[in-house]
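>>> Can you look at this prediction? I've put the sequence above it.
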Amino acid sequence: MVRRISVGVYLSLVVVACGGEDLTLGEYSTQGQAITVVMEQRIQALDSGLDFQTANADDVDDYWDRRVEARVDALERLQDLNPPATIADLHEQGMDLFSELVEGEKTMAVRIASFDAVTEPSQWWETAEGKSVLAVNEQILVLCNQFQAMYDATVARVVLSDAPWIPERMKEVIQIDVGC
């Protein structure tokens with residue numbers, strides 16, 4: 001079985017477990033995309049809805065409250081995950097980094113709320129807090145590339161897909177463009 005999933009960020013690799021059992025790599029990918037898409041859509045709607053020509057401090061505070069809420073909601077869903085045993089360590093590293101990202105954005109939101117005037121997003125990322133969040137994003141990119149390599153390695157299994165004596169989990173081929 002070959003699956004093709006195109007996603008834009010690492011977090012699409014993370015999923016919510018069903019019934020407490022380990023997921024297959026394909027289930028992990030598919031369910032992770034669903035969580036990520038919801039989070040990304042929420043953040044994109046916030047990004048496009050904030051007009052800096054007319055925004056006031058309350059608008060910016062609301063933006064950050066809702067952005068952090070979208071991240072926290074996704075993190076809470078991801079923490080109950082039972083990934084396939086073969087990627088449990090990578091998943092745990094990802095959850096640690098995602099938790100760090102959430103905490104960094106919370107800290108960044110507090111910093112931005114302390115500004116006297118509404119500023120442009122580019123100025124947000126120039127703060128010490130913004131630079132810290134960007135550094136975590138760089139670490140996530142490294143881990144994302146590890147996930148991409150792991151998924152790419154499954155493509156070699158396609159030659160075994162017709163062998164009846166090989167367990168289904170070992171035949172699974174996942175073609176994903178993680179978007180690292």
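Everything's here; your move. Numbers count the residues shown, from 1 in each chain.
>>> Show me where this structure has its helices.
Secondary structure of the chain (DSSP state H): helices located at 25-49, 57-78, 88-113, 121-124, 128-154, 168-171.
>>> Dump those to a markdown table, plus mean neighbour count.
The C-beta positions use only the backbone N, C-alpha and C, and glycine is treated the same way. Formatted as a markdown table, the helices of the chain follow (neighbours: other CB atoms under 10 Å):
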| stretch | mean neighbour count |
| --- | --- |
| helix 25-49 | 17 |
| helix 57-78 | 17 |
| helix 88-113 | 17 |
| helix 121-124 | 13 |
| helix 128-154 | 16 |
| helix 168-171 | 12 |
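>>> Mean pLDDT added to the ones you listed, as TSV?
Formatted as TSV, these follow (pLDDT from 0 to 100):
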stretch	mean pLDDT
helix 25-49	87
helix 57-78	94
helix 88-113	94
helix 121-124	89
helix 128-154	88
helix 168-171	58
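>>> Quick check: chain neighbours aside, which residue is closest to Ala128?
Arg111 (7.9 Å; CB to CB, 6 or more residues apart in numbering).
>>> ok now do the one you found, which residues does it touch?
When contacts are counted by CB atoms under 8 Å, 6 or more residues apart in numbering, Arg111 touches Thr127, Ala128, Glu129, Gly130.
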